[in-house]
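Student: only geometry, no sequence info:
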Ligand SMILES: C[S@@+](CC[C@H](N)C(=O)[O-])C[C@H]1O[C@@H](n2cnc3c(N)ncnc32)[C@H](O)[C@@H]1O
């Protein structure tokens, strides 16, 4: 099918469009553990009392069980010397607590970090990306003890609990607040205690973990990591929750009142920021907005793209997945397979490190289809890092042509070049570190194709980026739109006469997508939008001829791309 140019009338400014614009229980029931409210011995090492995140580190003995003892916690260097952080003489000795639920302890610390905006909660595997030691060091510094070495199952549970708890944070906090005797008990709650409660709530409400295990383990964690009184509080609140759940009388806000009040209620029930709920109801309609929030709250699929440059085929990848007993679905895109579970196994087996495949959503793959790299072409990838699209574009050049990968972030650019090496594409890709706005002014080189995969709100990828919904403010959109305009203007300087500028985002918001293209062609009449017909399947083409993937319509991440052809003169 031939790509067709769209008339300018397709790009009317939307005046008035206001931007302003099951898991298992981690540990089997401990025999004879007694009522969860009565903790077993609180165990910690006398030399390293547990730190109490958020309590200023005051160690209070407010319970006979507080007396330090060594039972249950040992220095066992041979178990996992990697995590030894306490120095005894010249050798490091780990302070490992065998009593608490390991994955819950790590999850609680990761949630604390996520709350401070310090860590992505969707890190797939701390071991696979070699940051496990750092994380365990952080766990020990925060809790005052280390957990035993986490096995793959533990890591999977950490991932599930952290991602789920972050997603459902607003709903869970609403319930916790409702179950506290007074509002100030909730607002003054120490951060670690709040994370432990959130974990317990998530497990009870969303996972099929036996109730006794949830209560027992979270109470113990609070007692050991904080103090016995904290454990008692966790016990009381979790038991209230269980009772309400059993009697089907969980508190829920009423969806009533004006638009704002209804959006506020929905924002609790679906656990999203109010501004997102309002915006989506306004622009997508209520039904679609609710579907989108359900999608964002579900466990995401991950897609793997086979690296054909290294000589692999999708069948090779499929065979490896079958060996690993990872369930997969073949994707509508030839090079891709989709998996819901088993990413851990894929990472552990080294499929990414050996360059067999890359993690990439098809929605991003279709952006590369819109670029349509042809052997012999020169391509500038303006915001390239960490390089998902760079690599795919380079592989499509079949050894002939060049991709320049520019990014302002040096660290991410380094990751891109490491991946390029691994995929045998480093002789095709050249990295350029810099700010596109400065680089484009200076550069005399022009390219056949220029991809601007712009920094954006990421509103299309909220199911994978569980933390993103809480880190984005409405005001960010306004700033992003200005940046997107500036970057588009700069990218346009790098396009040859007759060449193509491709603008893409992983957002589903028209302000970041259609409206940026509309205003761009008004500022740059030398560019004409060209429909993406023939580049992507018809179901992904909007009435205006843009590429758009929708989580609710296509069960993929949300993404957008437009082709803009530069005139010959
Ligand atoms: C959406 S991400 C790109 C993702 C990438 N295309 C991929 O597929 O993996 C946007 C990138 O833009 C980069 N960026 C932001 N401002 C920039 C600027 N002024 N100049 C160059 N790169 C910039 C960020 O560092 C970030 O890596």
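Tutor: It's in. What you are looking at is a predicted structure, and each value in this text was computed from that prediction instead of being measured.
Student: quick one: contacts for whichever residue of the chain sits closest to the ligand?
Tutor: With Cβ to the nearest ligand atom, the shortest gap between the chain and the ligand falls at residue 383, namely 3.1 Å. Quick note: C-beta positions are derived from backbone N, CA and C, even for glycine. Going by Cβ atoms under 8 Å, 6 or more residues apart in numbering, residue 383 touches 406, 407, 408, 436, 452, 453, 454, 455, 487.
Student: Out of those, flag the one nearest to residue 540.
Tutor: Closest approach to residue 540 among those (Cβ to Cβ): residue 453, at 16.7 Å.
Student: Point out the residues in the stretch 351-500 of the chain that sit beside the ligand.
Tutor: 364, 383-389, 406-409, 412, 435-437, 453, 455 (Cβ under 6 Å from any ligand atom).
Student: So for the residue nearest to the spatial centre of the chain, what's the pLDDT?
Tutor: Closest to where the C-alpha atoms of the chain average out (Cα atoms, centre = their mean) is residue 465, at 2.3 Å. With respect to pLDDT, residue 465 scores 92.
Student: low pLDDT regions in the stretch 51-200 of the chain?
Tutor: 51-94, 118-134 (pLDDT under 70).
Student: Could I get the full set of helices for it?
Tutor: In the stretch 51-200 of the chain, the helices defined using DSSP state H, counting those that start in this stretch lie at 102-115, 132-143, 152-167, 169-179, 183-187, 191-206.
Student: The stretch 251-400 of the chain too?
Tutor: 259-269, 274-284, 286-297, 314-323, 343-348, 362-371, 388-396.
Student: got a markdown table for those, with mean neighbour count and mean pLDDT too?
Tutor: Converted to a markdown table, those look like this (neighbours: other Cβ atoms under 10 Å; pLDDT from 0 to 100):
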| stretch | mean neighbour count | mean pLDDT |
| --- | --- | --- |
| helix 259-269 | 17 | 97 |
| helix 274-284 | 19 | 97 |
| helix 286-297 | 18 | 98 |
| helix 314-323 | 16 | 97 |
| helix 343-348 | 19 | 89 |
| helix 362-371 | 25 | 98 |
| helix 388-396 | 25 | 97 |
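Student: picking that back up, what's the closest of the helices of the stretch 51-200 of the chain to residue 259?
Tutor: helix 169-179 (18.4 Å).
Student: in that closest one, what's buried?
Tutor: For helix 169-179, the neighbour count (16 or more other Cβ atoms under 10 Å) marks 169, 170, 171, 172, 173, 174, 175, 176, 178, 179 as buried.
Student: And stretch 135-149, by the same measure?
Tutor: 135-136, 138-140, 142-149.
Student: ok, now stretch 415-427?
Tutor: Quick answer for stretch 415-427 (16+ other Cβ under 10 Å): 416, 417, 419, 420, 422, 423, 424, 425.
Student: what mean pLDDT does it have?
Tutor: 96.
Student: cool, stretch 484-504 as well?
Tutor: 98.
Student: before we move on, back to that, which of the helices of the stretch 251-400 of the chain sits closest to residue 159?
Tutor: Per Cβ to Cβ, nearest to residue 159 of the helices of the stretch 251-400 of the chain: helix 343-348, 8.0 Å.
Student: circling back to that earlier point, I'd like to know which of the buried residues of stretch 135-149 is nearest to residue 429.
Tutor: Among the buried residues of stretch 135-149, and counting by Cβ to Cβ, the member closest to residue 429 is residue 135, at 30.8 Å.
Student: right, and that closest one touches residue 107 too?
Tutor: No. Assessed by Cβ atoms under 8 Å, residue 135 is found out of contact with residue 107, at 11.2 Å.
Student: Residue 529 - that's part of a strand, no?
Tutor: Yes. Counting by DSSP: H, G, I helix; E, B strand; the rest coil, residue 529 is found in a strand.
Student: Mark which of the contacts of residue 383 are part of strands, please.
Tutor: Using DSSP state E, 406, 407, 452, 453 are the members of the contacts of residue 383 that sit in strands.
Student: State the distance from the last one to residue 556.
Tutor: Here residue 453 is placed at a distance of 16 Å from residue 556 (Cβ to Cβ, to the nearest Å).
Student: now the third one
Tutor: Residue 452 sits at a distance of 21 Å from residue 556 (criterion: Cβ to Cβ).
Student: Which ones among the buried residues of helix 169-179 also lie next to the ligand?
Tutor: Okay, of these, nothing touches the ligand (Cβ under 6 Å from any ligand atom).
Student: Just the closest of those to residue 198, please.
Tutor: Closest to residue 198, out of all of the buried residues of helix 169-179 and judged by Cβ to Cβ, is residue 172, at 5.2 Å.
Student: Report the contact partners of the residue nearest to that closest one when sequence neighbours are not counted.
Tutor: Distances taken as Cβ to Cβ, 6 or more residues apart in numbering put residue 201 closest to residue 172, at 4.5 Å, once the chain neighbours are dropped. Each residue near residue 201 by Cβ under 8 Å, 6+ apart is listed here: 165, 168, 172, 175, 176, 238, 241.
Student: okay, residue 201: pLDDT?
Tutor: Reported pLDDT for residue 201: 98.
Student: Name the residues of the chain found near the ligand, please.
Tutor: For the chain, the contact set with the ligand under Cβ under 6 Å from any ligand atom comprises 364, 383-389, 406-409, 412, 435-437, 453, 455.
Student: When you filter these down to buried only, what's left?
Tutor: If we count by 16+ other Cβ under 10 Å, those have these buried: 364, 383-389, 406-408, 436, 453, 455.
Student: Going by secondary structure, residue 499 is in what exactly?
Tutor: strand 495-505 (DSSP states H and E).
Student: Report all helices and strands that that strand contacts.
Tutor: Applying 3 or more Cβ pairs under 8 Å, 6 or more residues apart in numbering; DSSP states H and E, one finds that strand 495-505 makes contact with helix 362-371, strand 447-453, helix 474-492, helix 514-523, strand 559-566.
Student: Just want the angle from the longest one to strand 495-505.
Tutor: Pointing back at helix 474-492 there. If you take axes from the mean of the first three to the mean of the last three Cα atoms, to 10 degrees, helix 474-492 sits at 160 degrees to strand 495-505.
Student: which other helices and strands contact helix 474-492?
Tutor: Looks like helix 474-492 contacts helix 436-442, strand 447-453, strand 495-505, helix 514-523 (3+ Cβ pairs under 8 Å, 6+ apart).
Student: To residue 345, which of those lies closest?
Tutor: strand 447-453 (29.7 Å).
Student: what are the pairing partners of the closest one, and which direction each?
Tutor: Sheet pairing of strand 447-453 (DSSP bridges) gives strand 378-381 (parallel), strand 495-505 (parallel).
Student: Please point out which parts of it sit buried.
Tutor: 447, 448, 449, 450, 451, 452, 453.
Student: Over to stretch 369-383?
Tutor: 369, 370, 371, 372, 373, 377, 378, 379, 380, 381, 382, 383.
Student: Next: stretch 325-340.
Tutor: Buried-residue list, stretch 325-340, by 16+ other Cβ under 10 Å: 326, 328, 331, 333, 335, 336, 337, 338, 339.
Student: So what touches stretch 184-196?
Tutor: Contacts with stretch 184-196, where a contact means Cβ under 8 Å, 6+ apart, come from 52-55, 104, 107-109, 111-112, 115, 142, 165, 173, 176-177, 180, 197, 218, 221-222, 225-226, 230, 233-234.
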